[in-house]
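# need the 3D shape of this:
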Amino acid sequence: MPELPETETIARDLNADVRAATICAVYVRKADVLREAGADEFAQALIGGTIARVWRRAKLVILDVAPLWHVVVQPRFTGGLLIDHGTLAAAELAYVAISLQLDDGRLLHYRDVRRLGTVTLMSPARLAEYISTLGSEPLDPTLDDAAFSVLLRGSRRAVKIVLMDQRILAGVGNIYANEALWRAGIDPSREARALSTVETSALRVALVDVLSASIAARGTSFRDYRDARGERGRFVAQLAVYGRAGEACLRCGRRLIGTHAVDGRNSVFCASCQR
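The predicted structure follows:
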């Protein structure tokens, strides 16, 4: 967390709200979140630059700062980007690591409770190299049933592990892997190569559907995730399995099983519905 729907929501908000703003000052309060540049270099590179675009790749939020730089934010577990009109509560400001002062008086904060996320300054060449290692985007319309089947059925690993491998499929984490597998009726521990083309097609549709539904609900909030406006995601109310181990399956009524045996993460599934 945040996964694809959460970072997509943040990127869309920021692109609408801070695109074309000029960065007047940079305040680095917790330099340990920075990568590939120190605090002074980071600030000097960005001051005077204009935010040309904010977009998402995988679980990253990327700020294109004209004329030269990219700021690549990987929120990981507790990180997030917040727009501050001067009204944020002191509790929110307590965990701010980096702030960008914008020319209209607002601040754009990178806030991270546990400071496990990262903020990286990259040149265009470095960004191209970095994102080239990432896999296909699950919402890319060119990733059709045939292409998706090739990605999955080339692996001996558990299908859930393949779904979450960022080198194969970018942006999917534990929440949405669990949800998509339940929707498709597939056991998370099955070898990916053992799935039929009918099953991989059903899984692709389920994954697209659950990611799209979560984006529409502005993501999933359990504890720390907030969108760029400081609001909680609403998709938690639509979760069928994640966080529901021991409860009744919404499809068949059997008790949902929770296990860490598949990939060391919390996998929740229905042994009756998912084969």
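
# drop to CA atoms for contacts and neighbour counts, all remaining ones
Fine.

# strands along the stretch 51-200 of the chain, start to end?
60-66, 69-74, 79-84, 96-102, 107-112, 118-122 (DSSP state E, counting those that start in this stretch).

# now those as a markdown table including mean neighbour count and distance to residue 187?
Listed next are those as a markdown table, based on neighbours: other Cα atoms under 10 Å; distance: least, Cα to Cα, whole Å:
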| stretch | mean neighbour count | distance to residue 187 |
| --- | --- | --- |
| strand 60-66 | 23 | 28 |
| strand 69-74 | 22 | 30 |
| strand 79-84 | 24 | 31 |
| strand 96-102 | 22 | 40 |
| strand 107-112 | 24 | 34 |
| strand 118-122 | 21 | 33 |
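
# so which of those strands is nearest residue 230?
When these are compared by Cα to Cα, strand 79-84 sits nearest residue 230, at 6.3 Å.

# hmm, residue 167 and residue 151 touching each other?
No. Counting by Cα atoms under 8 Å, residue 151 stays clear of residue 167, with 10.4 Å between them.

# and the two? Which one has more around it.
Remark: of residue 151 and residue 167, residue 151 carries more neighbours, 19 against 16, as counted by other Cα atoms under 10 Å.

# dump the residue contacts of that one.
residue 168 (Cα atoms under 8 Å, 6 or more residues apart in numbering).

# make 482 the first number, not 1, from now on.
Yes, from this point I'll number from 482; that puts the last item at residue 632.

# and for the residue lying closest to residue 670 once chain neighbours are set aside, the neighbour number?
Counting by Cα to Cα, 6 or more residues apart in numbering, the nearest residue to residue 670 once its immediate chain neighbours are dropped is residue 639, at 4.8 Å. Per other Cα under 10 Å, the neighbour tally for residue 639 reads 19.

# just residue 611 next, same as before
Counted by other Cα under 10 Å, the residues lying close to residue 611 total 11.

# so how far is residue 583 from it?
Going from residue 611 to residue 583 by Cα to Cα, to the nearest Å gives 27 Å.

# who's the residue nearest to residue 534 when sequence neighbours are not counted bridged to?
Excluding the flanking residues, the one nearest residue 534 by Cα to Cα, 6+ apart is residue 545, at 5.2 Å. Beta-bridge partners for residue 545, by DSSP bridges, are residue 534, residue 551.

# how about the helices in this structure?
Listed in chain order, the helices of the chain (DSSP state H) span 485-498, 520-527, 571-574, 605-612, 626-634, 640-645, 655-665, 678-697.

# those helices: lowest mean pLDDT?
Comparing mean pLDDT across the helices of the chain, the weakest is helix 571-574, with a mean of 82.

# got the contact list for it?
If you take Cα under 8 Å, 6+ apart as the criterion, helix 571-574 is touched by residue 592.

# gap between it and the chain center?
Taking Cα atoms, centre = their mean, to the nearest Å, the mean C-alpha location of helix 571-574 is offset from the chain mean by 23 Å.

# for stretch 563-578, same thing?
21 Å.

# and for stretch 646-664?
11 Å.

# list the contacts of it.
482, 484-485, 538-540, 614-619, 632, 641, 643-645, 668-669, 684, 687-688, 691-692, 720-723, 746-751, 754-755.

# one more time with 6 Å, if that's ok
484-485, 539-540, 615-618, 645, 687-688, 723 (Cα atoms under 6 Å, 6 or more residues apart in numbering).

# what do you get for stretch 730-750?
For stretch 730-750, using Cα under 6 Å, 6+ apart, the contacting residues are 670, 722-723, 726-729, 751.

# can you list these in a markdown table and add distance to residue 520, neighbour count and pLDDT?
Converted to a markdown table, the contacts of stretch 730-750 look like this (distance: Cα to Cα, whole Å; neighbours: other Cα atoms under 10 Å; pLDDT from 0 to 100):
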| residue | distance to residue 520 | neighbour count | pLDDT |
| --- | --- | --- | --- |
| 670 | 44 | 17 | 98 |
| 722 | 42 | 27 | 98 |
| 723 | 39 | 21 | 97 |
| 726 | 44 | 18 | 97 |
| 727 | 47 | 15 | 98 |
| 728 | 48 | 15 | 98 |
| 729 | 50 | 16 | 98 |
| 751 | 49 | 27 | 98 |
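
# if we can go back for a sec, any chance of the helices of the chain in a markdown table, plus distance to residue 563?
What follows is the helices of the chain, written out as a markdown table (distance: least, Cα to Cα, whole Å):
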| stretch | distance to residue 563 |
| --- | --- |
| helix 485-498 | 9 |
| helix 520-527 | 18 |
| helix 571-574 | 9 |
| helix 605-612 | 23 |
| helix 626-634 | 35 |
| helix 640-645 | 27 |
| helix 655-665 | 23 |
| helix 678-697 | 18 |
